[in-house]
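Enquirer: Fold the following, please.
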Amino acid sequence: MKKQQRLVFAGPVGSGKTTAISTLSDEPVINTEAVISHEEVPIHKTHTTVALDYGVMHLSEGHSLQLYGTPGQQHFDFIWEIAARNSIGLVLLLDAQRPALLQDLTFFIQAFRALIQSQGFAIGLTHTDKVQNAELLRQQINHALEQLQLRAPVLSVDPNQREELVQLVKALLFTLDPSLVKVG
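Expert: Numbering: from 1, shown residues only. Below you'll find the predicted structure:
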């Protein structure tokens with residue numbers, strides 16, 4: 001019997017959610033990117049997600065993960081709730097270059113608190129190749145999680161590297177249900 005389960009990708013604008021879903025998906029991706037019209041969004045981006053990105057990652061034995069990427073802007077938070085419904089977990093992508101990295105962490109943990117508490121989450125630290133202190137940032141994230149009495153795998157990932165993303169998804173799946181870890 002084939003079984004599909006939902007996994008949500010969240011994080012601030014520019015953290016790599018759309019790229020990660022495109023990299024992980026074994027089927028054509030549906031994305032909802034639009035040209036950026038707000039100055040609040042990082043200059044290095046020309047497009048941003050305005051609804052949900054969607055892809056499918058095949059696991060073993062006919063199982064699959066539906067990958068839902070959420071927009072990073074807070075004014076789309078109603079979409080976050082829709083994506084989180086019936087999800088087995090959250091992949092939180094955080095941009096290592098952002099000065100407000102720990103505030104982003106706290107903000108998205110609060111925004112997805114119900115999903116995190118009922119299921120689980122993993123954190124992917126992106127753009128670590130552009131900072132000198134990636135290990136220190138991972139330590140700070142782990143300390144912040146400890147302060148919030150939460151546990152989650154924290155890995156540096158390149159959203160363009162399937163193997164790195166698969167390791168992040170496997171880390172999350174292992175915390176949820178070790179039998180799901182067999183990625184096809």
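Enquirer: can we go C-alpha only for contacts and neighbour counts from here?
Expert: Noted.
Enquirer: and the gap between residue 26 and residue 67?
Expert: Separation of residue 26 from residue 67 (CA to CA, to the nearest Å) stands at 10 Å.
Enquirer: Which neighbours do the two have in common?
Expert: 55-57 (CA atoms under 8 Å, 6 or more residues apart in numbering).
Enquirer: Poorly predicted segments of the protein, please.
Expert: Across the chain, the ranges flagged by pLDDT under 70 are 1-2, 32-51, 75-76, 179-184.
Enquirer: What segments of the protein are helices?
Expert: All helices of the chain, identified by DSSP state H, fall at 17-24, 77-84, 101-111, 113-118, 134-147, 162-176.
Enquirer: Export those helices as CSV, with columns for mean neighbour count and distance to residue 128.
Expert: Converted to CSV, those look like this (neighbours: other CA atoms under 10 Å; distance: least, CA to CA, whole Å):
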stretch, mean neighbour count, distance to residue 128
helix 17-24, 24, 15
helix 77-84, 17, 26
helix 101-111, 17, 12
helix 113-118, 15, 24
helix 134-147, 15, 6
helix 162-176, 19, 13
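Enquirer: Kindly state which of those is positioned closest to residue 9.
Expert: helix 17-24 (6.1 Å; CA to CA).
Enquirer: Mind giving me the packing neighbours of that closest one?
Expert: Applying 3 or more CA pairs under 8 Å, 6 or more residues apart in numbering; DSSP states H and E, one finds that helix 17-24 contacts strand 53-58, strand 64-69, helix 162-176.
Enquirer: Rebuild these as TSV, extending it with distance to residue 103.
Expert: Listed next are those as TSV, based on distance: least, CA to CA, whole Å:
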stretch	distance to residue 103
strand 53-58	24
strand 64-69	20
helix 162-176	22
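Enquirer: Could you check how far the residue nearest to residue 141 when sequence neighbours are not counted is from residue 137?
Expert: Spatial nearest neighbour of residue 141, excluding adjacent residues (CA to CA, 6 or more residues apart in numbering): residue 102 at 6.8 Å. Here residue 102 is placed at a distance of 9 Å from residue 137 (CA to CA).
Enquirer: same question, residue 13
Expert: For residue 13 relative to residue 137 (CA to CA), the value is 19 Å.
Enquirer: cool, residue 143 as well?
Expert: Per CA to CA, residue 143 is found 10 Å from residue 137.
Enquirer: could the helices of the chain go into CSV alongside distance to residue 94?
Expert: Output for these, formatted as CSV (distance: least, CA to CA, whole Å):
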stretch, distance to residue 94
helix 17-24, 9
helix 77-84, 16
helix 101-111, 7
helix 113-118, 16
helix 134-147, 10
helix 162-176, 13
